[in-house]
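Visitor: dropping the sequence and predicted coords here.
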Amino acid sequence: MKDIDNLCMNCFKELTDGSVCTNCNYDNDSQTDMIYLQPKTVFNDRYIIGAVQTHESDAVVYAAYDNQLDTVVNIREFLPKGISNRLEGNLDIHVRERYKSSYEKYKASFINLWTTIIKMRNLSAVIPTFDVFELNGTAYAVSENMESISLREFLLRNPDGNILWDQARLMFMPVLTTLEVLHSNGIIHGAISPDNLVLCRDGKVRLKSFCISEANTSSSDLEFNVNDGYTALEQYDNNHKMCPATDIYAFSACIFRALVGQNPPDAKSRETNDKLMIPNKIAEKIPTHIIKALGGGLQIYPEKRTQTINEFREQLNAAPAVVAAAAQKPEIVERDMVEEEEHYRGYPEYDIPKPKSRGPKIAITILIILIVAAAIAGIYIVNNGGIGKNQEEQTTAPVLATYSVPDFVSAGYTQSDIENNGAWNEQFKISFVADYSKDVEEGIVFKQSVEAGQTVDKGTEILLTVSKGVKTAQLPDVGGLSLEEATKKLEDLGFKVSTVEVYNDGGQTPNTVKPNYGMAPAAGEETAVGEEVILQVYGETVSTTQPDTTEE
């Protein structure tokens, strides 16, 4: 057991100068409210409880130390606000009498939530959780402690308060794979916001602050988590139900915040005034397909919203199928993402782009009718032995399912993102190889063997190439060599060669590389393999002798 007498209970570094930690500035003499576990409490001869980090609707989060793993962790204690507390001097949770039955139900939801998340510890956008246990009449979940900053803080540090889509894409797209897996396991995060999307030191964006679903709706006994601008309409008291589209709404709002620099209006106010306005100067920097995707994701009513993460991903990626559909149906536009107004409040100097005509409902209805009709016709033909044939004469051939190949390259996916996507691995046989790339960072997929948007049979093999990062090599000195020898030497190392002819006064051998400063980059420099090397090559000797002339 680690000696805890002289440790900071916030960061677990050794105290070197009194009670105030020189590492994190936490005052270890500060009093902890008796409703919480007191610092230095030990669980299971393993976990040392430290300072309170935050108290959310359903749980309190403590800094803690794991003696078994010898590392700082976060421990989440189920302590729902309003229905439970802790009496002074007692570790056990005290539940108000009227809430005892619902408390047990909520505790079971907490255990189920975090037991499920444990199974998903390899998802790139989840902070890994590795232990769940019951004690003191409540339950606990233990997760890694990952140094991070919130998306909100990151954006506020940006001089303009917003970022361009090219940067946002690399941050947001990998999170979609995690959300897709969570949804397939029945988990709706329900509280996605710029405060709960965090950027970790490894460069990945992760989701935090998971809580039981009852804490994300106003209809339960628990304190309702409200994030104005990010909480969807169905989470308020109404007839709409939470679903995967609830997370799509919040995630779309986060992208909106990142690109526009402003929170969207809260959902309840949008029910009577559904206007999401973007200043013209900002709107012109956002790709049209992104505005359209956000328009679908930020629809007020969940049944009108983009329904699945896969559909939302395709819209953000501008997948060929989506682009083709958009070209055929120009009436499907921004869905009020940019409203016609004389001026935008807060941005009086910018005119607002006018919206195009609308009419998606008719197009979508017709499309649904055609799909249903085709399905019914297909079933009839199969069940009745084919057109013009008796059932006894018909041998039904198996019909393979077909799928559109996703764009694995543009979204910045890692191998882990794709391996953890159950739907893709069910539809295709995916394998990976690694190769160097001077343009794509290490770990990111940058090639796919089957082009995005192609329709292929279920089980089709797709080979994805993952970047090993930039491969470098030291440039050899090829000065004085013939152009042929120099080119071969450089190309064998993977460099590209181009030449520039330089003046030859007759003292140099034509078609040889200038011996001094005849290369760019210079000999000896570490250079990315695949880069161009420019060689200065002597041309043919130029005569300066004037021809003889004879005067007559």
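Guide: Yep, it's here. What you see is a predicted model; the values in this text were computed from it and never measured.

Visitor: tell me how far the residue nearest to Asp407 when sequence neighbours are not counted lies from Lys458.
Guide: Spatial nearest neighbour of Asp407, chain neighbours left out: Ala452 (3.7 Å); criterion: C-beta to C-beta, 6 or more residues apart in numbering. From N, CA and C alone the C-beta is placed, and that goes for glycine too. To Lys458, Ala452 is 17 Å away according to C-beta to C-beta, to the nearest Å.

Visitor: would you mind identifying the next helix or strand past the helix or strand of the chain with the lowest mean pLDDT?
Guide: In the chain, no helix or strand scores lower on mean pLDDT, DSSP states H and E than helix 360-383, which sits at a mean of 46. Per DSSP states H and E, the first helix or strand lying C-terminal to helix 360-383 is strand 402-404.

Visitor: quick one: residues in contact with the following helix or strand past that following strand.
Guide: Sequence-wise, the next helix or strand downstream of strand 402-404 (DSSP H and E) is helix 415-419. The contact list for helix 415-419, computed with C-beta atoms under 8 Å, 6 or more residues apart in numbering, reads 122-124, 174, 177-178, 408, 424-425, 430, 432, 443, 445, 464, 466.

Visitor: can you check what pLDDT the model gives Met242?
Guide: At Met242, the predicted lDDT confidence score is 86.

Visitor: wait, is it part of a helix?
Guide: No - counting by DSSP: H, G, I helix; E, B strand; the rest coil, one finds Met242 to be coil, located in no helix.

Visitor: ok, it - how many residues close by?
Guide: Residues near Met242, counting by other C-beta atoms under 10 Å, number 16.

Visitor: I'd say it and Ser213 touch.
Guide: Yes - using C-beta atoms under 8 Å, Met242 makes contact with Ser213 at a distance of 6.6 Å.

Visitor: now do the shared contacts for the two.
Guide: What both Met242 and Ser213 touch, as defined by C-beta under 8 Å, 6+ apart, is the set Ile188, Gly190.

Visitor: Arg257 in helix, strand or coil?
Guide: Going by three-state DSSP: Arg257 is helix.

Visitor: top of the contacts of helix 415-419 by neighbour count?
Guide: Thr177 (27 neighbours).

Visitor: now do the strands in the stretch 401-550 of the chain.
Guide: Per DSSP state E, counting those that start in this stretch, the stretch 401-550 of the chain carries strands over the ranges 402-404, 429-435, 445-448, 455-457, 461-467, 472-474, 496-502, 519-520, 526-528, 532-538.

Visitor: worst average pLDDT in these?
Guide: Mean pLDDT per stretch puts strand 526-528 lowest among these, at a mean of 80.

Visitor: could you report the pLDDT at the residue nearest to Asp407?
Guide: 88.

Visitor: can you check Glu234 too?
Guide: Glu234 is given a pLDDT of 89.

Visitor: nearest spatial neighbour of it, skipping sequence neighbours?
Guide: In space, Glu234 is closest to His240, 3.5 Å off (C-beta to C-beta, 6+ apart).

Visitor: identify the residues contacting the one you found.
Guide: Leu233, Glu234, Tyr301, Pro302, Glu303.

Visitor: which two of those have the greatest separation?
Guide: Farthest pair in the contacts of His240 (C-beta to C-beta) is Leu233 and Glu303. Separation: 10.9 Å.

Visitor: more neighbours: the two, which one.
Guide: Leu233 (19 against 11).

Visitor: isn't that one up against Ser269?
Guide: No - the pair Leu233 / Ser269 is not scored as a contact, 10.4 Å apart, by C-beta under 8 Å.
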